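Participant: Test case, fold it:
(one chain, ligands or ions: 1)
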Amino acid sequence: MKHVQVLIVGLGPGGGSAARIAAQAGLSVMAVERNRAVGEPVQCAEFVPMPMGAYTRPQGVLYQRIAGMKSVLPSGLEHHSDFPGYMIDRARFDQAIAEAAAEAGAELRCHTRIVALHEDARVARVSREGQDEEISYDVLIAADGPHSTVARLLGLPALETVNTRQYTVPLRREYFDTDIWLSDDYPGGYAWLFPKQDRANLGLGADRAFEDDLKTPLEALRRQLIDEGLIGEEIFYRTGGAIPVGGLRDGLTHGRCLFVGDAAGLTHPITGGGISAAVVSGERAGEASVAYLAGAADAFEDYEEDVRDQFEATISRAVERREFLNRHWRTQAARQDETMRHGWIAFPEYFSPTGI
Ligand SMILES: Cc1cc2nc3c(=O)[nH]c(=O)nc-3n(C[C@H](O)[C@H](O)[C@H](O)COP(=O)(O)OP(=O)(O)OC[C@H]3O[C@@H](n4cnc5c(N)ncnc54)[C@H](O)[C@@H]3O)c2cc1C
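Facilitator: Model prediction:
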């Protein structure tokens, strides 16, 4: 049976980052990814905030810079805020991280998924085109996204998620803001238009507890923007996917397993942004694996503590704001600007302790 020191499940930004750090430290690393190619299909609006700048440098990753954010309230009132960042080619972004991991010696296996786990023996069964193989490991890193198979195999609860739907459309003029629409038409979520040179990602998210049909509101917004002359008729690409919105898992570690990124519930429950948290937690999980295998018995506890220190306060606030909004969707209050201002990061009310 093949043995690796670190087995990583999922090669999104979380898994790729963990693989890179662990391999660069000289550990034997294998990462399995169920898709045929890293980064594809893209299920992302492709915005990363300013601090991720260093990760946009590899060839082909950066589309354009973003200066600010325009938040549109239910009344139509527009609010502009500084919100600098970058629009990225998300496939290239994930691939560049994975390439760095491979260069450092990690073995990356695409079209391979984890199907079973013998936790006590620390053996995982992976499958590629019907061919199963058992791999033994010292540390397991679950970087397998919002519907983590590893969590399910360990008997841990599934994360609460919202659904999204997105089109890539032609953009008729240069644009440097991310546009956000806050409305009862998108209950439990919002709509967005993120520019990438002559194209834009136009999408929305909604909580299926309030709304199952994402197509009708997305078509309505698309039609409105075509009529306003901002976007063209074509749809180049359709995507969607789940976003965890319930906050952090109760435990970010389980035995010899570390959870990172979406699998850990690190995505921001209001904005849905999770790339940066996936990279940061992936890197920290790689470092924790190195420390643990070098004899630091408390390396996993340190991982849990560090990640919570960095993300928990922000995510807990977002969970609270989500709960607040969930009490108002599909009522008159959700059609009032004031309510939406409490639930969106661009407004001071969002950060006010007595705001809600
Ligand atoms: C429509 C949409 C738009 C978004 N827009 C943004 C945005 O603009 N900015 C932002 O910061 N965040 C955005 N997000 C969130 C962001 O995409 C995630 O937070 C991020 O991808 C998390 O990275 P990850 O590595 O944890 O997980 P993922 O990127 O989901 O990677 C998990 C990987 O694990 C693989 N996998 C799953 N199960 C198995 C298995 N059993 N065996 C092997 N492999 C498996 C998957 O194929 C996948 O490649 C968006 C999400 C969606 C759905």
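
Participant: Double-check that Glu233 belongs to a strand.
Facilitator: No. Remark: Glu233 does not belong to a strand; assigned using DSSP: H, G, I helix; E, B strand; the rest coil, it is coil.

Participant: Can you check the pLDDT for it?
Facilitator: If you check Glu233, the pLDDT there is 97.

Participant: So the closest residue to it other than its chain neighbours: helix, strand or coil?
Facilitator: Spatial nearest neighbour of Glu233, chain neighbours left out: Ile226 (6.1 Å); criterion: Cβ to Cβ, 6 or more residues apart in numbering. For every residue, glycine as well, the C-beta is placed using N, CA and C. The local conformation at Ile226, judged by three-state DSSP, is helix.

Participant: Next, count neighbours for Ile226.
Facilitator: Number of residues near Ile226 (other Cβ atoms under 10 Å) recorded here: 15.

Participant: Please tell me how far it sits from Leu171.
Facilitator: 12 Å (Cβ to Cβ, to the nearest Å).

Participant: and for these two, which residues touch both?
Facilitator: Gly232 (Cβ atoms under 8 Å, 6 or more residues apart in numbering).

Participant: need the contact list for the residue nearest to the spatial centre of the chain.
Facilitator: For the chain, the residue nearest the mean C-alpha position is Gly274 (3.3 Å; Cα atoms, centre = their mean). Residues in contact with Gly274 (Cβ under 8 Å, 6+ apart) are Ile243, Pro244, Gly261, Asp262, Leu266, Thr267, His268.

Participant: do Met340 as well
Facilitator: Leu73, Pro74, Leu182, Ser183, Ala334.

Participant: Rounded mean pLDDT for the helix or strand hosting it, please.
Facilitator: Assigned by DSSP states H and E, Met340 belongs to helix 337-342. On average, the pLDDT along helix 337-342 is 96.

Participant: Over to stretch 22-36?
Facilitator: 98.

Participant: Name the residues that touch that stretch?
Facilitator: So stretch 22-36 is contacted by 2-11, 15-16, 18-19, 41, 98, 101, 104-114, 126, 135, 137, 286, 289-290, 293 (Cβ under 8 Å, 6+ apart).

Participant: Quick check: buried residues in it?
Facilitator: Buried residues in stretch 22-36, counted by 16 or more other Cβ atoms under 10 Å: 22-25, 27-35.

Participant: which stretches of the chain have low pLDDT?
Facilitator: 354-356 (pLDDT under 70).

Participant: Surely Thr164 is in contact with Leu204?
Facilitator: Yes. Using Cβ atoms under 8 Å, Thr164 is in contact with Leu204, at 6.8 Å.

Participant: Which positions in the stretch 1-150 of the chain make contact with the ligand?
Facilitator: 9-15, 32-35, 43-48, 113-114, 143-145, 149 (Cβ under 6 Å from any ligand atom).

Participant: Of those, which belong to strands?
Facilitator: Val9, Val32, Phe47, Val48, Arg113, Ile114 (DSSP state E).

Participant: Nearest to Ile231 among those?
Facilitator: Phe47 (17.1 Å; Cβ to Cβ).

Participant: Report the secondary structure state of the residue lying closest to the closest one once chain neighbours are set aside.
Facilitator: Nearest residue to Phe47, sequence neighbours excluded (Cβ to Cβ, 6+ apart): Phe194, at 5.2 Å. When classified by three-state DSSP, Phe194 comes out as strand.

Participant: check contacts around Tyr137.
Facilitator: Counting by Cβ under 8 Å, 6+ apart, Tyr137 touches His3, Val4, Gln5, Val6, Leu7, Met30, Arg122, Val123, Ala124, Arg256.

Participant: Okay then, goodbye and thanks.
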